[in-house]
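1. Return a 3D structure for these sequence lines:
(one chain, ligands or ions: 1)
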Amino acid sequence: MTEDTTTYAFVVVSNRLPVDRVVDADGNAGWKKSPGGLVTALEPVMRGNDGAWVGWPGQADVDVEPFTSDGIHLVPVALSATEVERYYEGFSNDTLWPLYHDVIAQPSYHRVWWDSYVEVNQRFADAAARVAQQGGTVWVQDYQLQLVPRMLRDQRPDLTIGFFNHIPFPPYGIYAQLPWRKQIIEGLLGADVIGFQRGADAGNFSRAVRRLLNYTTRGLLIDVPEDGGRTVVAKAFPISIDSSEYERLAATPEIQARAKQIREDLGNPKTIMLGVDRLDYTKGIGHRLKAFGELLAEHRMTVEDVTLVQVASPSRERVETYRLLRDEIELTVGRINGDFSTISHTAISYLHHGYPRDEMVALYLAADIMLVTALRDGMNLVAKEYVASRIDNGGALILSEFAGAADELKQALLVNPHDIDGLKNRIVEAIEMSPKERAKRMRALRKKVLENDVARWSSAFLTALAASKSALPAEPGEVVDDEDDQDLEWLPPGRGPAL
Ligand code: F6P
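-> Numbering: from 1, shown residues only. Below you'll find the predicted structure:
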């Protein structure tokens, strides 16, 4: 077989491809959509660009030739079972994930995991270097691939390289724990533009660069002395969803009928509350269950009036912390249901599955209250999906202050999920809120989500990336050295169009 030598002007690199390989009980292999917000956000971007997507097919020891799926050219990168264990489950999801989410769970530091992370990042960089056209653009995604920008630049200095971090970047006091903290920062600085969800994340990153490498930062610009002197942009680009697609689905008669059916199947309670999360300890699922359980125990509500639907899609099930979390959540759900459900009314409908988008939109339409109680979250696209789906201006969004979405969705009922009494009060407030007040808030939220959709996110990032390459040498600017440079506007001195 001859090797495919086609190259692409635009290449996305992420840990997972947009589809995972699955094998059914009869041994037949097929593909299904990958979990998580990253794929949701990038799929429409890829459809608009004739590019290639480099990623892992989601199963160990699977060596698949490049193929086209749904109009997107996919370039699979194989991982061995040991690499899945060390690079993906280990370093990515048991070191970086808890560390970057404010050490909600204890990160584990193992040198063999790090070695595997380096090796696998090199493989992704090599694959991207092979498929990228001369002078092309490569957009690397997320914390699993933070070394790729530097590795790619070393091989292909002709490329324009972007990086986007979908999860938070922690404050220096936490980041400093990482034994390989310098290598990661150096890896990221191989990019021309490094995007973050919030201004605070970009600020944390720049601070780490100053502390660890002693480089000068000027607002959103970082002066990197390597490669003859470059300027790197570190800036917030809050990610979003394909808002109009959610609106379109919410307007279809079939989905509206399904929403009605869901309400009926749940016994037509006055209030349906909904939680939709990957089963992850960062999502604060336990906190919301605790609050609901206490409200029932204190007779502030009854199961006849209020029911909670909790969709918890399976995630990272071989990582110990996730296994423990599942047991803990399912024990709590069982206890609450045992204590409060009746023959005709269930307190919590707990669903350990992922659902197709149509069904999710029906659930959003059926739910009077959406509960997003993350303890730390890069953005939380579920909050935005709920808002985009509420074309009736109905429903109330309870949103954690610790989700990136709270920076934009200020008309939500913001909550500190650690404050269980505060959370309980917010739930009661949402239930009792007048339809007029709900509609007023929802209208304002919808305006935000419809304006800042995923197309706007990607074009803002890619415009910044293009501007970084056509840039004139940066003029000396103000040296920023304060500890609170979190929400700076980027006004590039003589560096192409301001964004
Ligand atoms: O955004 C965080 C993230 O890790 C994405 O990179 C990923 O697509 C999603 O969550 C799901 O995680 P995983 O690929 O580990 O199942």
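2. hang on, isn't residue 82 packed against residue 115?
-> No. Contact criterion Cβ atoms under 8 Å: residue 82 and residue 115 do not qualify, at 10.9 Å. (Glycine included, C-beta is placed from N, CA and C.)
3. In the protein, where is pLDDT below threshold?
-> 1-2, 35-37, 470-499 (pLDDT under 70).
4. Enumerate the residues of the stretch 201-350 of the chain near the ligand.
-> Within the stretch 201-350 of the chain, the positions near the ligand by Cβ under 6 Å from any ligand atom are 315, 316.
5. which stretches of the stretch 201-350 of the chain form strands?
-> Ranges of strands within the stretch 201-350 of the chain are 217-218, 221-224, 230-236, 271-278, 306-313, 348-351, based on DSSP state E, counting those that start in this stretch.
6. contact partners of the fifth one?
-> Outside strand 306-313, the residues within contact range by Cβ atoms under 8 Å, 6 or more residues apart in numbering are 35, 266-267, 269-279, 285, 288-289, 292, 295, 329, 333, 345-355, 360, 363, 367, 371, 431.
7. Of the residues you listed, grab the buried ones for ChimeraX.
-> Filtering the contacts of strand 306-313 down to the buried ones (16 or more other Cβ atoms under 10 Å) takes a single ChimeraX command:
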select :35,269,271,272,273,274,275,276,277,278,279,285,288,289,292,295,329,333,345,346,347,348,349,350,354,360,363,367,371,431
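8. Any buried residues in stretch 425-441, and which?
-> For stretch 425-441, by 16+ other Cβ under 10 Å, it's 425, 426, 427, 430, 431, 433, 438, 439, 441.
9. which one among those residues gets closest to residue 304?
-> residue 431 (13.5 Å; Cβ to Cβ).
10. mind listing what the closest one touches?
-> Counting by Cβ under 8 Å, 6+ apart, the residues that residue 431 touches are 271, 301, 306, 368, 369.
11. is it true that the last one touches residue 395?
-> Yes. The criterion here is Cβ under 8 Å, and residue 369 meets it with residue 395 at 7.0 Å.
12. where do the contact lists of the two overlap?
-> Joint contacts of residue 369 and residue 395 (Cβ under 8 Å, 6+ apart) do not exist.
13. The residue nearest to residue 225 when sequence neighbours are not counted: how many residues sit nearby?
-> Nearest non-adjacent residue to residue 225, counting by Cβ to Cβ, 6 or more residues apart in numbering: residue 215, 7.1 Å away. Residue 215 sits with 17 neighbouring residues when counted by other Cβ atoms under 10 Å.
14. Tell me how far residue 215 lies from residue 185.
-> Per Cβ to Cβ, to the nearest Å, residue 215 is found 9 Å from residue 185.
15. cool, residue 149 as well?
-> Residue 149 is 11 Å from residue 185, by Cβ to Cβ.
16. Just list what the one helix or strand residue 446 maps to packs against, helices and strands only.
-> Following DSSP states H and E, one finds residue 446 within helix 435-451. Under the contact criterion of 3 or more Cβ pairs under 8 Å, 6 or more residues apart in numbering; DSSP states H and E, helix 435-451 touches helix 243-250, helix 381-389, strand 396-400.
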